[in-house]
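Pasted the sequence and its predicted model underneath.
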Amino acid sequence: MNQPKVSFDAFIETFPPATLPMVLTEESIHHFNKVNKPFPALMLEQYLLPLEGLEEFDEFTEFIPCFRIEDMDDFIAVVYYKAELLNHQYILATF
């Protein structure tokens, strides 16, 4: 049975717009976690897992949408946070 698809526009809208310069600190993730809605599971499976080279996500890994960079002409840039056991990182993805 085919799963419903999440549109790319809906995925991009998960990331609130931001303008550069942007400073990310260890504390920034607390703000993003509080104000941004979490990724729906279907969106994770469709868009982030392929970027990460994963088949499925586990209960020990968390993805948090941070922001998208505004006013890019030729591409879309988003930043998300990936938290694993003993490994936390901000990731910039371009489309």
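Thanks, I have it.

Which helix or strand lies directly C-terminal to the top helix by length along the chain?
Ranked by number of residues, the top helix in the chain under DSSP state H is helix 28-35. Once the chain leaves helix 28-35, the next helix or strand it forms, by DSSP states H and E, is helix 41-43.

What are the buried residues along that following helix?
For helix 41-43, the neighbour count (16 or more other Cβ atoms under 10 Å) marks Met43 as buried. C-beta: built from backbone N, CA, C; applies to glycine.

residues in contact with it?
Under the criterion Cβ atoms under 8 Å, 6 or more residues apart in numbering, residues Gln3, Pro4, Val6, Ala10, Phe11, Thr14 lie in contact with helix 41-43.

Just among those, which is most surrounded?
Phe11 (20 neighbours; other Cβ atoms under 10 Å).

before we move on, what SS does it have?
helix (DSSP: H, G, I helix; E, B strand; the rest coil).

from here on, count from 10
OK, 10 is where the count begins now, so the last one is Phe20.

residues contacting it?
Contacts of Phe20 (Cβ under 8 Å, 6+ apart): Met52, Gln55, Tyr56.

For these, could you give me a markdown table that also reports pLDDT and distance to Lys43?
Shown next, in a markdown table, are the contacts of Phe20 (pLDDT from 0 to 100; distance: Cβ to Cβ, whole Å):
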| residue | pLDDT | distance to Lys43 |
| --- | --- | --- |
| Met52 | 92 | 20 |
| Gln55 | 92 | 25 |
| Tyr56 | 93 | 23 |
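
Please convert those residues to JSON lines, extending it with distance to Ala102.
Below are the contacts of Phe20 laid out as JSON lines (distance: Cβ to Cβ, whole Å):
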{"residue": "Met52", "distance to Ala102": "13"}
{"residue": "Gln55", "distance to Ala102": "14"}
{"residue": "Tyr56", "distance to Ala102": "9"}
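
returning to what we had before: quick one: distance of the longest helix of the chain to the chain centre.
Taking the mean of its C-alpha atoms, helix 37-44 sits 13 Å from the chain's own mean (Cα atoms, centre = their mean, to the nearest Å).

Low-confidence stretches in the chain?
Residue ranges of the chain with pLDDT under 70: 10-12.
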